[in-house]
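*Asks:* Show me how the following folds:
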Amino acid sequence: MSVAYKKYNKVTCKRMLNEMKWCLYQVELLKIFPLNWLNLV
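*Replies:* Numbers count the residues shown, from 1 in each chain. All right, here's what the predicted structure looks like:
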């Protein structure tokens with residue numbers, strides 16, 4: 001395993017976690033403002 005690969009892997013994991021957080025955040029918004037969210041989309 002090269003250092004560059006490990007670094008890349010870490011970045012990818014971070015990005016995936018951020019995307020998951022964003023998805024969860026949107027789901028929370030949906031629960032709170034279902035109508036507003038639908039209007040935005």
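
*Asks:* use CA for all of it now, contacts and neighbours both
*Replies:* Will do.

*Asks:* Next, name the residue at the spatial heart of this protein.
*Replies:* The residue lying closest to the centre of the chain (C-alpha atoms, centre = their mean) is residue 19, at 1.5 Å.

*Asks:* In three-state terms, label that residue for me.
*Replies:* In three-state terms, and counting by DSSP: H, G, I helix; E, B strand; the rest coil, residue 19 is helix.

*Asks:* measure it to residue 12 for me?
*Replies:* With distances taken as C-alpha to C-alpha, to the nearest Å, residue 19 is found 11 Å from residue 12.

*Asks:* Which helix or strand in this structure has the lowest average pLDDT?
*Replies:* Across the helices and strands of the chain, mean pLDDT, DSSP states H and E gives its lowest value to helix 34-40, namely a mean of 64.

*Asks:* Phi first, then psi, for residue 6.
*Replies:* When read as degrees, to the nearest 10, the backbone of residue 6 gives phi -60, psi -40.

*Asks:* How much space separates it from residue 25?
*Replies:* If you measure residue 6 against residue 25 using C-alpha to C-alpha, the figure is 28 Å.

*Asks:* before we move on, the earlier item: check the spacing between the residue nearest to the centre of the chain and residue 33 real quick.
*Replies:* 20 Å.

*Asks:* same check, this time on residue 15
*Replies:* Remark: distance between residue 15 and residue 33 (C-alpha to C-alpha) = 26 Å.
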